[in-house]
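Enquirer: would you be able to build a 3D model of this:
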Amino acid sequence: MPAAAGKPSRSASAITPSTVRGYHLLKIDGYSLTKGVPTGDKIKSGSFTLGGHRWHIGYYPNGLQPQYADYISLNLHLDSNVTAAVKAQHKFSFADEVMNLPPSLVSTTVHTYSSLLGWGPISFMKRADLEKSEHLKDDSFTNRCDILVIMDYRAEDLPEDTPAFVTVAPSDLHQHLADLLKTEKGADVVFEVGGHTFAAHRCVLAARSPVFSAELFGGMKEGDTAGVVRIDEMEAQVFKALLCFAYTDSLPVTEKEDEDVMCQHLLVAADRYNMERLKTICEERLCKYINGGSVTTILTLAEQHHCEGLKKACLSFLGSPANLRALLDSDGFDHLSRSCPSVIKNLIAMSALV
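Expert: Now for the predicted structure:
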């Protein structure tokens, strides 16, 4: 009887490129003065080194070719003679669009550079569009060129596949804690807020907030095992949302039209109980609600509760002369003067520039 065929052997490998990544910022200062450069002529950036090679960016204020005379063209060039071709990817963007985050180069083309051949967007942006955009400020703009240089390729052996006998489910700890809050099983403290009572667990709250920890277990301990802790100056719905976050690290769903008001109250509560993550979540959401009608309230809130990011967002909104003038002429400015005199210096300095 013939022997059964054995299991075929298997091996695998992967080809992985070795790369070097970086970016160069090119500021065009005095943009209007470069508009007289003839089409096809470039202004060179300073040289920079990446991947062992010298590079520069070519800025063509009136396009690289006649058919693109209404555009700004940009090119990435090798800055010196090379004996072999260099393979790289690049992506041009405005620096204020990407800030400190690298844009994705996954979908960009790998180009081969030589001492004579550069690559870049020949129609990066129409000059007329740039001049109407927010990218051009004080007659200048900054461009960022992200570059990935491919140094070489290497082959690596891959381990044999291991059959997946066990599948690990995603964490459901937050759901278990939410159920614990909902059922009140094992609750050992009761809070009275705005005429409503909420049962909770001392250990959970103490783990989530140093203020709760001090109040429930420390020298500031409030209430006994069967006692009730009274919370003043807070609405019941706000405290309920605070508890939800303490147990699940997420906020309950709120009607869209009520989200800004709830976030204002929750920010105050988060600051009161030193729950920094909740506080920054509220800050981030409130940034979306800054407008002419709300900026006074939100700026006051940011100043009183030391929310630097939210304060900067408000001052950025007031950086518009129209928005600042509207505030200075409103009753909100008088309220701001009384409640937060420290921010008035900022506004006076800004108004001097209007």
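
Enquirer: any low-confidence regions in this protein?
Expert: 1-7, 9-10, 80-84, 98-104, 106-107, 115, 160-164, 219-226, 345-346, 348-354 (pLDDT under 70).

Enquirer: ok, residue 125 - contacts?
Expert: Residue 125 sits next to 71, 72, 133 when contact means CB atoms under 8 Å, 6 or more residues apart in numbering. For every residue, glycine as well, the C-beta is placed using N, CA and C.

Enquirer: so for stretch 60-71, what gets flagged as buried?
Expert: 60, 61, 62, 63, 64, 68, 71 (16 or more other CB atoms under 10 Å).

Enquirer: so residue 49 bridges to which residues?
Expert: Assessed by DSSP bridges, residue 49 has beta-bridge partners residue 54.

Enquirer: the closest residue to residue 78 other than its chain neighbours: neighbouring residues, count only.
Expert: Leaving aside its chain neighbours, residue 78 sits nearest to residue 113 (5.0 Å; criterion: CB to CB, 6 or more residues apart in numbering). Residue 113 sits with 20 neighbouring residues when counted by other CB atoms under 10 Å.

Enquirer: how about the helices in this protein?
Expert: Here the chain has its helices, by DSSP state H, at 95-98, 127-132, 173-183, 202-208, 210-217, 236-248, 259-272, 276-286, 295-304, 308-317, 321-328, 331-339, 344-351.

Enquirer: between those, which one is nearest to residue 144?
Expert: helix 95-98 (4.4 Å; CB to CB).

Enquirer: tell me the buried residues in stretch 123-137?
Expert: 124, 125, 127, 130, 135, 136.

Enquirer: oh sorry, the question was meant for stretch 302-313
Expert: For stretch 302-313, by 16+ other CB under 10 Å, it's 302, 303, 305, 307, 310, 311, 313.

Enquirer: and for residue 233, the neighbour number?
Expert: Neighbours of residue 233 using other CB under 10 Å come to 9.

Enquirer: need the phi and psi values for it.
Expert: Dihedral angles of residue 233 (phi, psi; degrees, to the nearest 10) stand at phi 60, psi 40.

Enquirer: deepest-packed of the helices of the chain, please.
Expert: Greatest average neighbour count among those goes to helix 295-304 (a mean of 22), per mean count of other CB atoms under 10 Å.

Enquirer: which residues touch that one?
Expert: Contacts of helix 295-304 (CB under 8 Å, 6+ apart): 264, 267-268, 283, 286, 289-290, 307-308, 310-311, 314-315, 317-318, 323, 327, 330, 332-333, 335-336, 339-340, 342-343.

Enquirer: by how many degrees do that helix and helix 308-317 diverge?
Expert: Orientation check (axes from the mean of the first three to the mean of the last three CA atoms, to 10 degrees): helix 295-304 against helix 308-317 gives 150 degrees.

Enquirer: and the angle for helix 295-304 with helix 331-339?
Expert: 20 degrees.

Enquirer: ok now helix 295-304, how far from the chain's centre?
Expert: Offset of helix 295-304 from its chain centre (CA atoms, centre = their mean, to the nearest Å): 22 Å.

Enquirer: likewise stretch 134-145?
Expert: Distance of stretch 134-145 from its chain centroid, counting by CA atoms, centre = their mean, is 21 Å.

Enquirer: quote the end-to-end distance of it.
Expert: 19 Å (CA to CA, to the nearest Å).

Enquirer: ok, and what's touching that stretch?
Expert: 23-32, 57, 59, 74, 76, 90-96, 98, 130.

Enquirer: which members of those residues are positioned in strands?
Expert: 23-29, 57, 59, 74, 76, 90-94 (DSSP state E).
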